[in-house]
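Peer 1: I'd like to go over a predicted model; first the sequence, then the structure.
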Amino acid sequence: MENKPRMISGTQLVFLLLISRLFTLFTFVPRARTAASGSTALLCIPLAGAAVGILLIPFLLLLRRSQTDLLSCAFQLGSGYGLVVSLLFGVFCIYMAAFTTSHFSFFMASAVYPNSTPWAFLLLLTLAAGYAASLGLEAFSRMSVWVFSLLLLLLLLFVCALLPEVNPVYLTSPLLDGLPAVGKGIFYTAVNHAEAAALILLLPRARRAGGRVAAGWLVLTVLVYELLSFLTLTVLGDYAKTRLFPLHTLSSLAQLSGFGRLDLLHIALWIFAAFLRLTVYLYCAAVCLRRIFPSAAFGRSCACCAAVSGIWSLATAQGMQFWNRISEQVWVVAAPFLLLVAAVPLVTLLLTSLGRNSAGKGRIK
């Protein structure tokens, strides 16, 4: 990879992160004790998006002041601090890559091709995503534009097919379970915005990077999540709680003249989302690895990250017990998010400001 990688547009980055974020909705399991459900979720989704936007403010300020990426700022403060920050982001990206591959293979082997072998899907996705990541950000970000177009088509068909089935009786007061349930739902929904960590790594590589790109990603994510959650709630009702993949069930019920059932279109979009999400995290992990080992070739870094995530996901793909246990422990999910998205940018911003103030005082003397 070149020392100065080619920049992508802010629109491409927004679409890329939106599609990656939707993967979580496609694999949403409503029986998780920590997740908000029903009408409470409809309230928590926009409030959680606003909370993520507030947490990103220190990073956006750092980006505006330094005009460089977070990892470079960390290394400017000291090689030890830079290595720690790069390692934290790299390990998190490998973890998210393994999570993505495990869920993809589990979905394909249970909902699409029952009783098939999960490792075959795992191997194919890992190889494809690893190769795409090695081509660079500009190469695979182009795919996000037409995948986003497919998403818009799916949303339009969903609305047209399911609007007659919408039953408002399932809508209740979002405060029915009390304010603690709302607060818990906002917190859990916010910390599941794992793409905020990828945004921190990728935003400096987008042209005209800044708050508008972050705001565009959050607003679009909230709108799509709200629409799909509304349709799931008002069409499936309590039946959604009994389904392992409620959105896939919803797409199976949606039928439109000329298109037939929409579950095949949903599966296609889900596969593309899994591919792009895995590619994004493998690319980000390789970027972090290159900061730790500057002499390593980018292609080899991508291959190394893909191999580690593939081995991890292969060990945890059967039955999803490992990932289900983690998802039930909210602080296991929240700690990495709060550390990487909130704490590290804030500490780096403060240390950078203190360093500049000290240098300024020295020049005055």
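Peer 2: Sure, I can see it. Numbers count the residues shown, from 1 in each chain.
Peer 1: list the contacts of F15.
Peer 2: Applying CB atoms under 8 Å, 6 or more residues apart in numbering, we find F15 in contact with 144-145, 147-148. Where you see a C-beta, it was placed from the backbone N, CA and C, and this is true even at glycine.
Peer 1: at 7 Å instead, please
Peer 2: Taking CB atoms under 7 Å, 6 or more residues apart in numbering as the criterion, F15 is in contact with 144-145, 148.
Peer 1: would you turn the residues you listed into TSV with secondary structure?
Peer 2: Supplementary listing: those in TSV, determined by DSSP: H, G, I helix; E, B strand; the rest coil:
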residue	secondary structure
S144	helix
V145	helix
F148	helix
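Peer 1: what's the weakest-modelled helix or strand in the protein?
Peer 2: Of all helical and strand segments in the chain, the minimum by mean pLDDT, DSSP states H and E falls on strand 260-261, at a mean of 56.
Peer 1: any idea how far the residue nearest to A342 when sequence neighbours are not counted is from C284?
Peer 2: Once flanking residues are discounted, A342 sits nearest to L55: 4.6 Å by CB to CB, 6 or more residues apart in numbering. Summarising the geometry, the distance separating L55 from C284, computed by CB to CB, to the nearest Å, is 18 Å.
Peer 1: these two - which one has more neighbours?
Peer 2: The residue with more neighbours, out of L55 and C284, is C284; 26 against 20, by other CB atoms under 10 Å.
Peer 1: quick check: that one is in a helix.
Peer 2: Yes: C284 sits within a helix when classified using three-state DSSP.
Peer 1: for L199, see how far away it is.
Peer 2: Look at C284 and L199: by CB to CB, they are 10 Å apart.
Peer 1: what's the answer for Y170, then?
Peer 2: For Y170, the distance to L199 equals 34 Å [CB to CB].
Peer 1: which one of the two has more residues nearby?
Peer 2: Residue environment comparison for Y170 versus L199 gives the larger neighbour count to L199, 27 against 18, counting by other CB under 10 Å.
Peer 1: got the CA positions of the strand or helix carrying that one in PDB?
Peer 2: L199 is part of helix 195-202, with elements assigned from DSSP states H and E. Listed next in PDB are the C-alpha coordinates belonging to helix 195-202 (Å, rounded to 0.1, in the frame of the first residue of the first chain):
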ATOM      1  CA  GLU A 195     -18.600   1.200  13.700                       C
ATOM      2  CA  ALA A 196     -17.800   4.400  15.600                       C
ATOM      3  CA  ALA A 197     -14.300   2.900  16.200                       C
ATOM      4  CA  ALA A 198     -13.900   2.200  12.500                       C
ATOM      5  CA  LEU A 199     -15.100   5.800  11.900                       C
ATOM      6  CA  ILE A 200     -12.300   7.100  14.000                       C
ATOM      7  CA  LEU A 201      -9.700   5.100  12.000                       C
ATOM      8  CA  LEU A 202     -11.200   5.900   8.500                       C
END
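Peer 1: shaky segments in the stretch 1-150 of the chain?
Peer 2: Across the stretch 1-150 of the chain, the ranges flagged by pLDDT under 70 are 1-5, 26-37, 111-113, 115-116.
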